Structures are given as structure tokens and as C-alpha cells.
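In: predicted structure and sequence below. I'll ask about it afterward.
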Amino acid sequence: MVFMIGRPYHSDPGLNHSVLEEFQVLGYPILSMRSIPKDEEWLKRFFQEDLDQKRIETPLEIRDVWPENYSANSAMKVWAAKFASRHPHVVVLDLSSFKCGHDAPTYGIIDGIISTSASPSSGLNDIDPKAPAGSIKSRVRTYAHALKLHEERLDDSARKKHELHYRLDVKRVELLELKKQQLAARRVNDPAVEKQIEEIKARVHTYEAARRVVDAPPVKGLVTLGIKKSDKIERLGA
């Protein structure tokens, strides 16, 4: 999900030069910084480490990164950057109409905050001054391409992690079966070992079933329904 942090400079039909619509056409939902819940109990999950180490007193505080902030909207942008750097499922899009405008003092602060996380980010900080729509579209598609590569890296990492867990469980079953045979040779029955074997075998079957679904070729003559995500189709069924 693309998390947009930006200041509403104007409200004509050319607002943001359709940057947000471009991302949505490419399959990326847009979340604005003002739509984030401000409930402190909900936010604690993202700021708990900062709270525990006494860097801040509340999840809504930004004095740890910008002690002398003076603009409400700029302060909101800085806080949104802090939130994004702690949230595992958002990428950042920083929009400003003019590089020398009200947001100028925040650029370095926001870059410093985002750089401490693994979250991809892009800043379009000059979308109004003599910036033709073509160049903006090119920058949108460049960032979208970077997001696609990031998604592929995450998918690859998840597959490798899944495969590692599968192989570890297969090995555990082998060792437990061997232990069961050794106990049987001594005429000993251990229900705990039997239970472990059954539980791990169930996980192994789950891994194998998931792998068969992913690798299964489409059936001829049937239409596969799915949700388009970028250039990929998440299969729902046939």
C-alpha cells in the first residue's frame, strides 16, 4: 500500500497532477496520512520501543526528531514518516508542490527517518513548478517498477523461508520416527512422541498442499478467477 504524505496546496482539478490516480491504475492502493487512526492505544504497537526507551512520551510526539517544529501540516508529515518507518506494510510517497515551499525544512528530517527502515520511499517535491505531466508519469512508473522489484524480493524471501520450514519439519519427522522405532524396540510407548509426529506431519501436509496449488497448471476449458496485483494474478479458484 502506498502511504501518501503531503500538503494540500490547492484544490483545482489538477491537484497532484493525477499522481495518486496513476499509482492506483498500476494496482497500488493509496492511504493518506490524515486517514491513520490517532488512537494512542492502537498506535502503541508501532511506537512501543520508543516509549519503553523514553524517547517519546506519547505515540503522537515528534520532539525526538524535530524539537522546534512550528507548522501543523509539516509536523503531521514528519509524524507520518515516523509511522511509515515503523509499519511493515506501507511504502512512502512524499508529495510537495514546490521544493522551496513550506515543506522545505522537513525534507532532510523525513529522509533521515525513512532511511532507518527497509520501507521503499519516493519524494516528488516539485510537482508544480514547470514540471510537465510526462516527466511526472515517468517518475511514477520508475517508482512503481522499484516497488515491483521490492515485492518480488519479499516474495522470494517468503518462499525461501517457507521451504526452510518445510525441510526442517520433514527432518523432524524423520528423527521422531527413528526415536519411535528405538522406543518400540525397548517395548516403550511414548504418547508425547506420537503427538509430536502427528502435529508435524499435519504441517508438512499443509506445506505440500500449498505447493501443489501454486504449481498446478490451469485446467483447459475453465476460467480462472483472480485479483490483479501488478503483473501477477492471485488465483481465487476455477
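Out: That came through, no problem. Everything numeric here is computed off the predicted structure, so don't read it as measured data.
In: what sits up against stretch 80-91?
Out: Where contact means CB atoms under 8 Å, 6 or more residues apart in numbering, the residues beyond stretch 80-91 that reach it are 1-3, 5, 31, 33, 36, 43, 46-47, 62, 65, 92, 94, 109-110, 113-114, 116-117, 119-121, 147, 150. C-beta here means a position set from N, CA and C on the backbone, and glycine is covered the same way.
In: mean confidence score for the longest helix along the chain?
Out: The longest helix of the chain (DSSP state H) is helix 133-185. What helix 133-185 shows for mean pLDDT is 84.
In: can you name every helix or strand that the strand or helix carrying E41 contacts?
Out: Here E41, judged by DSSP states H and E, is contained in helix 40-52. On a contact count with 3 or more CB pairs under 8 Å, 6 or more residues apart in numbering; DSSP states H and E, helix 40-52 meets helix 72-86.
In: what about H150, distance to S157?
Out: Using CB to CB, to the nearest Å, we find H150 at a distance of 11 Å from S157.
In: check S117 too.
Out: 16 Å.
In: same question for G108.
Out: For G108 relative to S157 (CB to CB), the value is 31 Å.
In: which regions of the protein sit below the pLDDT cut-off?
Out: Low-confidence segments of the chain (pLDDT under 70): 8-16, 129-134, 213-238.
In: outline the domain layout of it.
Out: Domain segmentation of the chain under automatic domain parsing yields 2-131, 153-218.
In: ranking those domains by burial, who's on top?
Out: Ranked by mean neighbour count, the domains of the chain are led by domain 2-131 with a mean of 16 (mean count of other CB atoms under 10 Å).
In: picking up where we left off before, and the next helix or strand past the longest helix of the chain?
Out: helix 191-215.
In: so which elements touch that following helix?
Out: Helices and strands touching helix 191-215, by 3+ CB pairs under 8 Å, 6+ apart, are helix 133-185.
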